[in-house]
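1. Just the structure for this:
(2 chains)
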Amino acid sequence: MSAGSRIGGRRVLIIAALASAVVIGYLAVQSLQTAAVYYYTPTEAKQHGFAVGQAVRLGGQVLRGTFSYDGATRALRFTIGDGITTVDVIGTGAPPGLLSEGAGAVVEGSFAADGTFHATQVIAKHNEVYTAPTGSAVPSHQTPAP
Amino acid sequence: MNLLSWGDIGAGALRAALALALWGFGAAAYAGWKRDARALASARAVAIGAFGLVLLADLSMVGALLTHDFSLVYVAENNALATPPFYSAISLWAALAGSILLWTLILAGAVVYVATRGTRSLPRLATVALAVLFAMLSFFLVLVTTAAADPFTRIAADAIPSDGNGPNALLQNHPLMALHPPLLYLGYVLTSVPFAYAIAALILGETNDRWLTETRKAALASWALLGVGIVAGAWWSYGVLGWGGYWAWDPVENAAIMPWLTATAYLHSVMVEEKRRLLKTWNIALVIATFALTILGTFLTRSGVVNSVHSFTQSAIGPLLLGYFVAILVLGAGLLLYRIDDLTDRGSIGAPLSREAIFLFQNVLFVAATLTVLLGTLYPLIAEAVSGAQLSIGAPYFDRVEVPIGLALLFLMGVGPQLPWHGASRATLERQFTAPLVAAAGGALVAVLAGMTGVAPVLVYALAAFVTATVVQEFVRGTRARRTLHGEPPVEAFLSLFRRNGRRYGGYVVHLGIVMAVVAIGTSQARTTELERTLAPGGAMDVAGYHVVLTDLRDVAEPQRSSTVADLVITGNGASEHLHPGLVQYPNSQQAIGAPGIAAGSRDDVYTILAAYDGTGHAWATVRVRVIPLVSWLWAGGAVVGLGALLAALPPPKRRTVVVVPAAVADAVGAE
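-> As a prediction, this is how the structure comes out:
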């Protein structure tokens, strides 16, 4: 090691560490607020009674045996459920690669007059990569409006 | 029927192993307390016996899977007559109970390692550590012998199915499944060795750094295995899930990355303790945190709690793992507080431009990364528990928070090793950083010329060039110094760097591997092109200079599965490849699994997916093509990281003669 003037002091180090902790903390809280995707379960949505065409997000499990995608018409259909209520979802375009039967999904869109849900966006909510999904639990309480 | 079934052997072996582990705990604790040599000998023998019994249980399970013994629930649920032998054998870790069984085997191996090797070099400390490990082994043996995760649960004799359900479709679709979980489990379990030694050091009040040098290799091995296991998992996800990505910030992945992050912090801060006798408390805290995070991750992903706080009680293993996690935290934190006076550092970190200061700063960032990943993983649970709100935290949160932290860490990776301990002078700074800064400017220029847009990708290239230049500079200077000093020819001088100081130069190789991985991630995230088209046979599409022709759409039947395959011919950019992406149907899964066709290259991968097809007449197929640049550098980077870790684990050479190093040469070799 060469001798010579050493730069700085201990205070610089503490300030730098604290400053980065504050910046990261702020960034984390800020991003949590913007990145959080709130949703209703089908049961909650039914109890709430959304108007036709009103924008809403639904979260649930893609039920087995309900998934279909027609490449020619790009029509996507599946049913999501929370163990009590099920909702038929209709969308357009190929599904996200991680969307699969039994896995969680959040769909964004609105209810049509016939009770089907017309999704403008489908988000796969991949919980576990490789353990067989068990039936999702049903929350016993209401979700406040986002 | 045979006299003894696989289930009888396995269940019996596990119960006997539990008895031995409890005996071992008592014997090792007594030996540590009374310094009793006979008790220690007994604990050693018991360790080997317990390992043998757990091995027998694991082999019984593999035997049951290979012979399709459907009288066991685990086999009936995870195996079928048509499952090929290879996938039958690796179904040992296809589901929860088998995974815990494998985990228990590895833990029993760690117990043998400490009992035989450890107790010879540091008898008292290792004996207490052995007692801690026996306690952990007992806990896992309780899991596998009770309803929590009993792999040998029987099916009533009149209800035994003639065929089983078969393994999860995703697990029998890719051979990497043979590698990825065992590597991760090895990494997870080996973190318990430094933890046990740290707890032993706290119990005995031997808070000097002997426990830490003794567990250096275990810490390095667990870190490397976790890292390589994570990359193998990313590769598996890329090869089998058919979405063209490799990382989704999902809870299983987060559970693996968190202990890796704290372990990385520890590998660096440990050097500060060795060289400067600082950060004692911090290092013990990191070791406890790393081990606790492996258990927390297992709890989060295995209890079902991630889906919803309400599904937590659905499995018996959830509360047990949570209790274990809390016990570890209480024990670790309690002992740490109890010994806090012995752990006070004598000196302090002074100059901000010293190696120890950068390592400390780097540690702060690694811990911040861990905490923010933990926050994002737990936030949906916290929100649901507190307000009942249902929400999901996706990749945007993690990208926004972790990418800046990662870039800052990449910068520090170039700075830290270039600074001397205690502090740097202006002259040192100029000598160490002139070339790397020029390289960084060059890297930024390359990124801009290559058409990269956005701050993050350009920074990735600049910082990658910066770090690479510091590493090359170290190798060049080190080699030159050895040539001057010993007159060795260049290649020999270069290789002897690893022989003489494997830890340091192996560490640089690890840094190069990380740079490769970061460049791969940055480029593939920023520059992937995707196109989806519905084609009739004979139809074609053009993506990023590649011409893709759908030549045929055909059905393939195999005993254990049936698939529909699209035959694609890829030309352009000097390539000529035949790819066969398909949709695979397993009898136990309603939905077909995508099997992508991948043409991997050093410049880019052509990743093709059969998204959908005409099931009636094979008149059309929806084909998705992604051209993903540099992604194979990620897997290569993982391998280089593993190689670097191996080099770092090389035993230091025996000192023959003391060489008086001239000051100028010492300066050139670096500021050690």
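2. use CA for all of it now, contacts and neighbours both
-> Will do.
3. which residue ranges form the strands in the stretch 251-400 of chain B?
-> B:390-393 (DSSP state E, counting those that start in this stretch).
4. contact partners of whatever helix or strand B:Leu412 lives in?
-> Element membership for B:Leu412, per DSSP states H and E: helix B:395-415. When contacts are defined by C-alpha atoms under 8 Å, 6 or more residues apart in numbering or on different chains, helix B:395-415 is touched by residues A:24, A:27-28, A:31-32, A:34-36, B:248-249, B:358, B:362, B:365-366, B:369, B:372-373, B:376, B:456, B:459-460, B:463-464, B:466-468, B:470-471, B:511.
5. And stretch B:284-293, by the same measure?
-> B:188, B:191-192, B:194-195, B:198, B:255, B:258-260, B:262-263, B:265-266, B:325, B:328-329, B:332-333, B:336.
6. Which of those are buried? Put it as a PyMOL command.
-> Remark: buried members of the contacts of stretch B:284-293, expressed as a PyMOL selection using 16 or more other C-alpha atoms under 10 Å in any protein chain shown:
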select buried, chain B and resi 188+191+192+194+195+198+255+258+259+260+262+263+265+266+325+328+329+332+336
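7. give me the residue from chain A nearest chain B.
-> A:Tyr38 (4.1 Å; C-alpha to the nearest C-alpha).
8. Nearest spatial neighbour of the residue in chain B positioned nearest to chain A, chain-adjacent residues omitted?
-> At 4.1 Å from chain A, B:Leu391 is the closest residue in chain B, using C-alpha to the nearest C-alpha. Counting by C-alpha to C-alpha, 6 or more residues apart in numbering or on different chains, A:Tyr38 is the residue found nearest to B:Leu391 once chain neighbours are left out, at 4.1 Å.
9. what about the one you found, how many neighbours?
-> Using other C-alpha atoms under 10 Å in any protein chain shown, A:Tyr38 has 20 other residues around it.
10. ok, back up a step: and after the helix holding B:Leu412, which helix or strand comes next?
-> helix B:426-449.
11. Next, see if the following helix or strand past that next one gets close to chain A.
-> Downstream of helix B:426-449, the first helix or strand assigned by DSSP H and E is helix B:455-486. No: Helix B:455-486 stays clear of chain A (C-alpha under 8 Å from any C-alpha of the partner chain), getting no nearer than 14.9 Å.
12. Can you tell me which helices and strands the helix or strand hosting B:His547 packs against?
-> Assessed by DSSP H and E, B:His547 sits inside strand B:546-557. Packing contacts for strand B:546-557, counted by 3 or more C-alpha pairs under 8 Å, 6 or more residues apart in numbering or on different chains; DSSP states H and E, involve strand B:540-543, strand B:562-572.
13. CA atoms only: put the first one into PDB for me.
-> So the one you mean is strand B:540-543. Extracted in PDB, the C-alpha atoms of strand B:540-543 (Å, rounded to 0.1, in the frame of the first residue of the first chain):
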ATOM      1  CA  ALA B 540     -43.600 -18.400 -43.100                       C
ATOM      2  CA  MET B 541     -42.700 -15.400 -40.900                       C
ATOM      3  CA  ASP B 542     -39.700 -13.200 -40.500                       C
ATOM      4  CA  VAL B 543     -38.300 -12.100 -37.100                       C
END
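14. Okay, now the sheet partners of it, with direction.
-> Using DSSP bridges, strand B:540-543 pairs in its sheet with strand B:546-557 (antiparallel).
15. so for the partner strand, what's the average pLDDT?
-> In this model, strand B:546-557 has an average pLDDT of 94.
16. just stretch B:239-249 next, same as before
-> pLDDT averaged over stretch B:239-249 gives 83.
17. got it, and stretch B:215-229?
-> 95.
18. just to revisit the earlier point, can you redo the helices and strands packed on strand B:546-557 as TSV with distance to B:Ala289 and mean neighbour count?
-> Below are these laid out as TSV (distance: least, C-alpha to C-alpha, whole Å; neighbours: other C-alpha atoms under 10 Å in any protein chain shown):
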stretch	distance to B:Ala289	mean neighbour count
strand B:540-543	47	16
strand B:562-572	46	21
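19. quick one on the thing from earlier: which of the contacts of helix B:395-415 count as buried?
-> If we count by 16+ other C-alpha under 10 Å, those have these buried: A:24, A:27-28, A:31-32, A:35-36, B:248-249, B:358, B:362, B:365-366, B:369, B:372-373, B:376, B:459-460, B:463-464, B:466-468, B:470-471, B:511.
20. Give the rounded mean pLDDT of stretch B:35-50.
-> On average, stretch B:35-50 scores 95.
21. And that stretch, how far out from the chain middle?
-> Stretch B:35-50 sits 32 Å away from the centroid of its parent chain (C-alpha atoms, centre = their mean, to the nearest Å).
22. Also stretch B:269-280?
-> 25 Å.
23. Name the residues of that stretch that come out as buried.
-> By 16+ other C-alpha under 10 Å, the buried positions in stretch B:269-280 come out as B:269-273, B:276-280.
24. other SSEs contacting the longest helix that chain A contains?
-> With secondary structure taken from DSSP state H, chain A has its longest helix at helix A:10-35. When contacts are defined as 3+ C-alpha pairs under 8 Å, 6+ apart, helix A:10-35 sits against helix B:355-387, helix B:395-415.
25. From the rest of the structure, what touches the very next helix or strand once past it?
-> Toward the C-terminal end, the helix or strand that comes next after helix A:10-35 (DSSP H and E) is strand A:36-39. For strand A:36-39, the surrounding residues in contact (C-alpha under 8 Å, 6+ apart) are A:56-59, A:106, A:146, B:389-394, B:397.
26. Does the lowest-mean-pLDDT helix or strand in chain A reach chain B?
-> Least confident helix or strand of chain A, by mean pLDDT, DSSP states H and E, is strand A:68-70 with a mean of 77. Yes: counting by C-alpha under 8 Å from any C-alpha, contacts between strand A:68-70 and chain B involve A:69-70.
27. still on that earlier bit, please narrow the buried residues of stretch B:269-280 to those residing in helices.
-> B:269-273, B:276, B:280.
28. returning to that earlier point: among the contacts of strand A:36-39, name the least confidently predicted one.
-> A:Pro146 (30).
29. what number of residues lie near residue 67?
-> Here I'm looking at chain A. Count around A:Phe67 with other C-alpha under 10 Å applied: 18.
30. sorry, should have said chain B
-> By other C-alpha under 10 Å, 17 other residues sit near B:Thr67.
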